[in-house]
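Undergrad: generate coordinates for the sequence data below:
(2 chains)
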Amino acid sequence: MTGIASMAAPVAERSEPVTPLLDASKLTIAFGPVVANDEVSLTVYPSEIQCVLGENGAGKSTLMKILYGVYRPDSGSISVDGQPVVIDSPLVARKLGLGMVFQDFRLVPALTVYENVALAAPGSGPLLRRREILGRLAEVSKSLGLDVDPQAPVRTLPIAQRQQVEIAKVLVAGARILILDEPTSVLAPQEADGLFEQMDQLRKAGMSVLIITHKLREARKVADRLTVLRGGKSVVEGVLPETMNDSELIEAMVGRSLAPLPAERETMPKERNVLELRRLKVPGQAGLAGLRGLDLTVAEGEVVGIAGVAGSGQRELVDALAGARPWTADSFAVGSAELRRSDPVIALRSGVSCVPEDPVAEWVIPGLTIVEHIVLARMREGNGTAGRRRLGIDWKHHRSKTGELDAAANLEMAAMDRQVATLSGGNIQRVVLTHVLAGESTLYVLAYPTRGLDVASCRRVHELVLACRAKGAGVVIVSEDLDELLLLSDRIAVLHDGHLAGICDAGTDAQEIGRLMLGAAA
Amino acid sequence: MTGFAASVAPAVRSRLTVPAARHLAARTLFWGGMYLSALVIFGAFTALRGADPFAMYHAMWQSTVLNAYGRGQVLDKAAPFILCGLAVAIPARAGLVNIGGEGQIVIGVTAAGGVALALGTHVTGTPALILMGLGAMAAGALWAAIATVLRLVGNVNEAIATLLLNYVGADVLNYLVYGPWRDPAGNGQPAAKPLPEGDSLPKLGSYAHIGIVAALVAAVVVAFALKRTSWGFMLRCVGGNQTAARRAGLKVAWLMMSAMLVGGALAGLAGMIQFTGLEGQLRPGIAATFGYTGFLASWLARHQPGKVVLAAGLLAGIAVAGDSLQITSHLPGSTVNILMALILLAMLATRSRSKAAA
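TA: Numbering: from 1, shown residues only, chains lettered A, B, ... in the order given. Presented below is the predicted three-dimensional model:
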């Protein structure tokens, strides 16, 4: 192990030519008129981590599915260890040492960890070689620093651990190249850091890792080399990260340069508070602290960021503001109204609109289209008669309203007759954001607003947030991304264990905020 | 490869209708085959029991479709089946499982009978019918409300609560007809005093009563309410995702309650129709299994009011045909349940297939 590790040096530093582990050249595949991959090339060397960057729809997933034998390319060639191969099924891909970890894991929830691993283990024959598989699982777990009981049913594991099981499964099956599709989309930042450390371990052990992502910062953190796809073409092929700066990379991904958000923002005269909380207490669930007496004000035209490690009370705050969770407070005032109790109708009528933490569980209704979701969301607005027609619903009104919101938000929302539940996470987020940010509210409560969005959409969301601020509304924004909070917020409230650990100005150093997040006294 | 694909593409496009037609033919064949085999299996079974299957099917067809009396019987049976189906379909929109149509219709019968006894000969004719209808609907709604309150307050599963209340409903009726409401002039039979002659449901033609009209009107109104009103829309939201509906400000508990109340009221109305249209006298076991048949009709129809009418009509036809079996083929009337089961299986098989094709 140590021997391999010492040999492993970044590819660029090697002088002698190395045979690529995987060499895909000029892959092209079209689905009807859509060319999803247009002469895409990708080379993976032994012992490297390569990131494939690109916006949603750039062709990243298609490329991975070609490599994994799900799709066959119309043209182009693939070789493994210098030998040309035809990968016409995932089985062949696995035999060649390619292992894929899908975004939505391919685990059987009712089976145990061991059983899931055994399912994928090669050449099992009619009998499971239980001891051998368990042994290899233990070996892999040890090298990954993975602490999971092989007999635990997968459904009892949290998502981060399921991902670990999926990785272990692929490794036990004999993968030499690990392909991870948007691996951090389901992870908290700390969990993502843990994953990256594991990937580093794998690299040191001589394996190669291919990570698909649209997060620039992550790519910078782990990648030895970067490939960028845009519109189905590889616009950057395997460059070293240090040869391109962020704005060059963004331009490669988006196709145009994004002007930075205006740093100088007009400061509104903050005469009135749109939100005043005095000693807000919200009981937590599942053993979490909840909120234990929070004082917070948000003035008109002010963006207040909420920072904190996961489970510090963010969820309880968002839910209390949305009227979706019971609370007690000495004072809970939105705009000019003092709220007496937790009720979604009261919250909506006093002008709070909310992007929930988990839209699929808390906002999306299976079977309903985008327009129908907009109807539902606006049902209790104003006096409750807007968009009603006698006993029924004024669909024409709502269709035109939805069109207006779509145009105003300009977030590339899907067609309004699509069922929301069938959309991908990022596209669901676009629907929620279009509804909330293009609407008129006194107080916008945004939980993780840019989750699952690509770079260009994130930028658009940030612009919309600042537009809400400029209109004189208050914005509360919860995010795991400190950079995002620092970029948008006038003030940042740091939560720790259900308490307010401190309030920082926009210019505060990220290190200082991190210290507060971990519970240091202000 | 691309070149080859391009050259064959137009040819493929022009022949696209052929596979489509073939697909349609295959589906029709499958459908026909499934239902035909249901009839063949049942025919073979009756032949084994010494009956002539062809004569039997002929008699079944004759007794339900070709003959005016039989048609009237089918309509009279279909009316309560439709209403009991709707009693399941409406709560289903809000994500609730109402297995309690059985109890709700029995309580409806009981209430209608109670109103009739109370009115005696003081109020008769249409006013009496209206009062009986209202009483039966209120009682059915109340019966559904009990289960809903248990659900909303104690989080008791409404499917189980409604199911158990079916037995309670039957026992309430039994208690009354064996006890306080027993007709002293009835030779000791456990039955209440008969409904006065003039208080029966008006006839529709010579053989059916107007219950079927009430059921069809109810189906149309329910279809409209579910599809076109904001109430129907809100029920769908509650049924799809309660959390999301609550966060959007909908009164989830009230909406669930309203769906159950309307459902229970319709089942109660079915009881009143059965009582005033056919039975005319409270007795134990009156309207038994009607609620379960309605439950079946609603699930077969996937809770679509229009399809509930069709499913209930089919079930009513099969039930009536069972009577002719007894007369013409000397088989027990319940033999027809085998045919019903086979047809239901055929329905389920063809349905899952069309769903897979979609």
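
Undergrad: got the residues of the stretch 301-450 of chain A near chain B?
TA: Residues of the stretch 301-450 of chain A found near chain B (Cβ under 8 Å from any Cβ of the partner chain) are A:322-324, A:344-345, A:348, A:354, A:356, A:361-368, A:372, A:375-377, A:379-380, A:388, A:391-393. In this view, the C-beta of every residue, glycine as well, is placed from N, C-alpha and C.

Undergrad: give the PyMOL command for selecting the buried subset of those residues.
TA: Selection command for PyMOL covering only the buried members of these, criterion 16 or more other Cβ atoms under 10 Å in any protein chain shown:
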select buried, chain A and resi 322+323+324+344+345+348+354+356+362+363+364+365+368+372+375+376+377+379+380+392+393
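
Undergrad: pLDDT below threshold where in the stretch 401-522 of chain A?
TA: Residues of the stretch 401-522 of chain A that meet the criterion pLDDT under 70 lie in A:521-522.

Undergrad: so where do the strands sit in it?
TA: For the stretch 401-522 of chain A, strands defined by DSSP state E, counting those that start in this stretch occupy the ranges A:443-447, A:474-478, A:491-496, A:499-505.

Undergrad: next, the angle strand A:491-496 makes with the longest one.
TA: Interaxial angle of strand A:499-505 relative to strand A:491-496 (axes from the mean of the first three to the mean of the last three Cα atoms, to 10 degrees): 160 degrees.

Undergrad: name every strand pairing with strand A:499-505 and say which way it goes.
TA: According to DSSP bridges, strand A:499-505 forms sheet pairs with strand A:491-496 (antiparallel).

Undergrad: list the buried residues for the strand it pairs with?
TA: A:491-496.

Undergrad: same question, stretch A:422-437
TA: So stretch A:422-437, judged by 16+ other Cβ under 10 Å, has buried residues A:423, A:425-437.

Undergrad: circling back: of the residues of the stretch 301-450 of chain A next to chain B, which belong to helices?
TA: Judged by DSSP state H, these include A:322, A:344-345, A:348, A:361-362, A:372, A:375-377 as members of helices.

Undergrad: and these as JSON lines, adding pLDDT?
TA: Output for those, formatted as JSON lines (pLDDT from 0 to 100):
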{"residue": "A:A322", "pLDDT": "95"}
{"residue": "A:P344", "pLDDT": "93"}
{"residue": "A:V345", "pLDDT": "91"}
{"residue": "A:L348", "pLDDT": "91"}
{"residue": "A:A361", "pLDDT": "89"}
{"residue": "A:E362", "pLDDT": "92"}
{"residue": "A:E372", "pLDDT": "94"}
{"residue": "A:V375", "pLDDT": "92"}
{"residue": "A:L376", "pLDDT": "92"}
{"residue": "A:A377", "pLDDT": "89"}
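
Undergrad: of all those residues, which comes closest to B:L348?
TA: Nearest to B:L348 out of those is A:E372 (Cβ to Cβ; 29.5 Å).

Undergrad: can you tell me which of the buried residues of stretch A:422-437 is closest to A:V282?
TA: A:V436 (21.5 Å).

Undergrad: show me the contacts for the closest one.
TA: Counting by Cβ atoms under 8 Å, 6 or more residues apart in numbering or on different chains, A:V436 makes contact with A:353-355, A:444, A:446.

Undergrad: nearest to chain B, of the residues you listed?
TA: Taking Cβ to the nearest Cβ as the measure, chain B sits nearest to A:C354 out of those, at 7.9 Å.

Undergrad: quick check, the residue in the stretch 1-150 of chain A closest to chain B?
TA: For the stretch 1-150 of chain A, Cβ to the nearest Cβ, closest residue to chain B: A:D74, 5.4 Å.

Undergrad: state the distance from that residue to A:L63.
TA: Distance of A:D74 to A:L63, given as Cβ to Cβ, to the nearest Å: 13 Å.

Undergrad: distance to B:T350 for the contacts of A:V436 - can I get that in a markdown table?
TA: Shown next, in a markdown table, are the contacts of A:V436 (distance: Cβ to Cβ, whole Å):
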| residue | distance to B:T350 |
| --- | --- |
| A:S353 | 46 |
| A:C354 | 45 |
| A:V355 | 44 |
| A:Y444 | 51 |
| A:L446 | 49 |
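
Undergrad: circling back to that earlier point, show me which of A:D74 and A:L63 is the more surrounded one.
TA: A:L63 (29 against 14; other Cβ atoms under 10 Å in any protein chain shown).

Undergrad: double-check that that one belongs to a helix.
TA: Yes. A:L63 forms part of a helix when assessed by DSSP: H, G, I helix; E, B strand; the rest coil.

Undergrad: correct me if wrong: it contacts A:L229.
TA: Yes. The criterion here is Cβ atoms under 8 Å, and A:L63 meets it with A:L229 at 6.9 Å.

Undergrad: so what sits against both of those two?
TA: A:40, A:52.

Undergrad: hmm, back to that, of the ones in helices among the residues of the stretch 301-450 of chain A next to chain B, which is the nearest to A:G69?
TA: A:A361 (34.0 Å).

Undergrad: on that earlier part again, of all the buried residues of strand A:491-496, which two lie farthest apart?
TA: Most distant of those, by Cβ to Cβ, are A:R491 and A:H496, 16.4 Å apart.

Undergrad: near chain B, which residues of the stretch 1-150 of chain A? Just list them.
TA: A:28, A:30, A:74-75.

Undergrad: check contacts around A:E218.
TA: A:51, A:184, A:192, A:196, A:211.

Undergrad: in strands only, show me these.
TA: A:51, A:211 (DSSP state E).

Undergrad: got a markdown table for the contacts of A:E218, with neighbour count and pLDDT too?
TA: Output for the contacts of A:E218, formatted as a markdown table (neighbours: other Cβ atoms under 10 Å in any protein chain shown; pLDDT from 0 to 100):
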| residue | neighbour count | pLDDT |
| --- | --- | --- |
| A:C51 | 26 | 94 |
| A:T184 | 18 | 79 |
| A:A192 | 20 | 80 |
| A:F196 | 18 | 90 |
| A:I211 | 25 | 93 |
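
Undergrad: would you mind checking which of the contacts of A:E218 is nearest to A:D224?
TA: For the contacts of A:E218, the nearest to A:D224 is A:C51 (8.8 Å; Cβ to Cβ).

Undergrad: quick check: the closest one touching A:L226?
TA: Yes. The criterion here is Cβ under 8 Å, and A:C51 meets it with A:L226 at 5.4 Å.

Undergrad: fine, thanks again, bye for now.
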